[in-house]
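*Asks:* Below is the sequence, then the predicted model.
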Amino acid sequence: MRNPNGYGCIKKLSGHRRRPFVFVITDEGRQKPVEYFTNLVDAQIFQADYHRTHHHRSLPGHQITLIELYHRWLPAHIADTGPSQSSLDSYKNAFRHLSDLHYEPVTKLRYTDYQRILDGMKRHGLSYSSLKKVRSLISLLEKYALKMEIITKSYAPLLSIGRNRPVRPHHTFSRQKINRLWKSVDSPGVDTVLILLYTGMRCGELLQLQKADVHLRQRYIRITKSKTAAGIRIIPIHHRIAPLIEARMACPGDALICDDTGRPYNYGRYCTIWRSVMHLIRAEGHTTHDCRHTVATLLDNTGANETAKRRILGHAGGDITERVYTHKNLRQLRKCIELLK
């Protein structure tokens, strides 16, 4: 359908440009660029908003597609909740699974359309976690569409993703394996595994940790970037890993975990180190998240205070008394972490 007069148009410019799409309007007989974009969807959203603002009406027959809804929802969601980078990456990956529906009008999507995507993911062997993330994204998009009065019904609560059957359940590090780490502490990368095992940090939290967040004199670490709000916390430095952290602080780079040139590790690069360390101590099959399970299990075995354990691991408390009225100072948290041997 041809756009009405005064609606403007979108052009793709030639060459290799960072923002190749341009929205132009006709002004005194000449086309005038208004804004440049990295992708066509953002340009189309701007075009629709520009027309609505300047002409007080929408394009006749225009129906918001799923991809347009996603690009409208995401900035609003970021402004409201401030999600972590890992959450943003999760949204992006989940939306990629919905690619068959991207250009379908939202008002025409039904339960069978969404369920077909999820069933296809199951047939291709994708994990329960991946299906759950896609369903969660659908729920978020539908809630936004309901709020904006684009749709009148939500199908997300009806979607089925089956039962959670872990491909490989997490298991803890044995005392023998931990002892092998200490015996090989001078080998490359072993110190990073020990830091994980004596702090309970997520691997992503360790890799994002800056030296400015490590307080050697007061002997604690401040986590400022985490996947959850409860993950923003302080962790006392266990006396056994204090020398390892001091050595890392003396290395080049702003991040605590860097290579010899001061370049920080992303998860992909770090996995190479992890695999070499696991081969060294004959612990193939372990994942980085097993360190958190190990810390939680060892603290539980020692009868550690439940609230202090939650604070150290960055888990949200389920009880209102614990979440709101219970406070644990650094001394109490240190007493808890030192129960690890």
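*Replies:* Received the coordinates, thanks. Numbers count the residues shown, from 1 in each chain.

*Asks:* tell me the contacts of residue 152?
*Replies:* Counting by C-beta atoms under 8 Å, 6 or more residues apart in numbering, residue 152 touches residue 146. Every C-beta, even on glycine, is put in place using the N, C-alpha and C of the backbone.

*Asks:* Am I right that it is in a strand?
*Replies:* No: looking at residue 152 with DSSP: H, G, I helix; E, B strand; the rest coil, it is coil, so not inside a strand.

*Asks:* All further residue positions should be reported with the first residue as 10.
*Replies:* Sure, I'll start counting at 10 from here, so that last one is residue 161.

*Asks:* Let's see the pLDDT reported for it.
*Replies:* On pLDDT, residue 161 comes in at 94.

*Asks:* ditto for residue 178
*Replies:* We have a pLDDT of 68 for residue 178.

*Asks:* ok, now residue 258?
*Replies:* pLDDT at residue 258 comes out at 96.

*Asks:* List the residues that contact it.
*Replies:* Contacts for residue 258 (C-beta under 8 Å, 6+ apart) come out as 220, 223, 225, 265.

*Asks:* Give me the phi and psi angles of it.
*Replies:* Dihedral pair for residue 258: phi -70, psi -30, per degrees, to the nearest 10.

*Asks:* What separation is there between it and residue 138?
*Replies:* Computed as C-beta to C-beta, to the nearest Å, the residue 258 to residue 138 distance reads 35 Å.

*Asks:* pLDDT below threshold where in the protein?
*Replies:* 10-16, 60-71, 175-178, 326-337 (pLDDT under 70).

*Asks:* Let me see the domain layout of it.
*Replies:* 18-64, 75-167, 184-346 (automatic domain parsing).

*Asks:* I'd like the ones you listed laid out as JSON lines, including distance to residue 174.
*Replies:* Below are the domains of the chain laid out as JSON lines (distance: least, C-beta to C-beta, whole Å):
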{"stretch": "domain 18-64", "distance to residue 174": "36"}
{"stretch": "domain 75-167", "distance to residue 174": "7"}
{"stretch": "domain 184-346", "distance to residue 174": "17"}
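
*Asks:* Tell me which of these sits nearest to residue 173.
*Replies:* With respect to residue 173, and counting by C-beta to C-beta, the nearest of those is domain 75-167 at 4.4 Å.

*Asks:* Between its first and last residues, what's the separation in that closest one?
*Replies:* Domain 75-167 has its terminal residues 19 Å apart, counting by C-alpha to C-alpha, to the nearest Å.

*Asks:* chain center to that domain, what's the gap?
*Replies:* Taking C-alpha atoms, centre = their mean, to the nearest Å, one finds domain 75-167 lying 16 Å from the centre of the chain it belongs to.

*Asks:* What sits closest to residue 347 if chain neighbours are left out?
*Replies:* residue 247 (6.4 Å; C-beta to C-beta, 6 or more residues apart in numbering).

*Asks:* cool, and residue 48?
*Replies:* Of all residues not flanking residue 48 in the chain, residue 30 sits nearest, at 6.7 Å (C-beta to C-beta, 6+ apart).

*Asks:* ok, the one you found touching residue 47?
*Replies:* Yes: using C-beta atoms under 8 Å, residue 30 is in contact with residue 47, at 7.3 Å.

*Asks:* neighbour count winner among the two?
*Replies:* Taking other C-beta atoms under 10 Å, residue 30 and residue 47 do not tie; residue 30 has more neighbours (20 against 12).

*Asks:* any idea whether the most centrally placed residue in the chain is helix, strand or coil?
*Replies:* The residue lying closest to the centre of the chain (C-alpha atoms, centre = their mean) is residue 95, at 1.7 Å. For residue 95, the assignment made with three-state DSSP gives helix.

*Asks:* May I have the residues that are in contact with it?
*Replies:* Neighbour list for residue 95: 213, 236 [criterion: C-beta under 8 Å, 6+ apart].

*Asks:* Next, count neighbours for the residue nearest to residue 241 when sequence neighbours are not counted.
*Replies:* Nearest residue to residue 241 in three dimensions, chain neighbours excluded: residue 235, at 5.6 Å (C-beta to C-beta, 6+ apart). Other residues near residue 235 come to 18 when the count uses other C-beta under 10 Å.

*Asks:* Could you report the separation of residue 256 from residue 270?
*Replies:* From residue 256 over to residue 270 the distance is 17 Å, taken as C-beta to C-beta.

*Asks:* contacts for the helix ranked longest in the chain?
*Replies:* Looking across the chain with DSSP state H, the single longest helix is helix 137-156. Counting by C-beta under 8 Å, 6+ apart, helix 137-156 makes contact with 73, 75, 78-79, 81-82, 85-86, 99-100, 102-104, 106-107, 115, 123, 126-127, 130-131, 160-161, 163-166, 168, 170-175, all of which sit outside it.

*Asks:* And residue 133, how close does it get to residue 140?
*Replies:* Taking C-beta to C-beta as the measure, residue 133 falls 11 Å from residue 140.

*Asks:* Which residue of these two possesses the greater neighbour count?
*Replies:* Neighbours per residue, other C-beta under 10 Å: of residue 133 and residue 140, the larger number sits with residue 140, 22 against 9.
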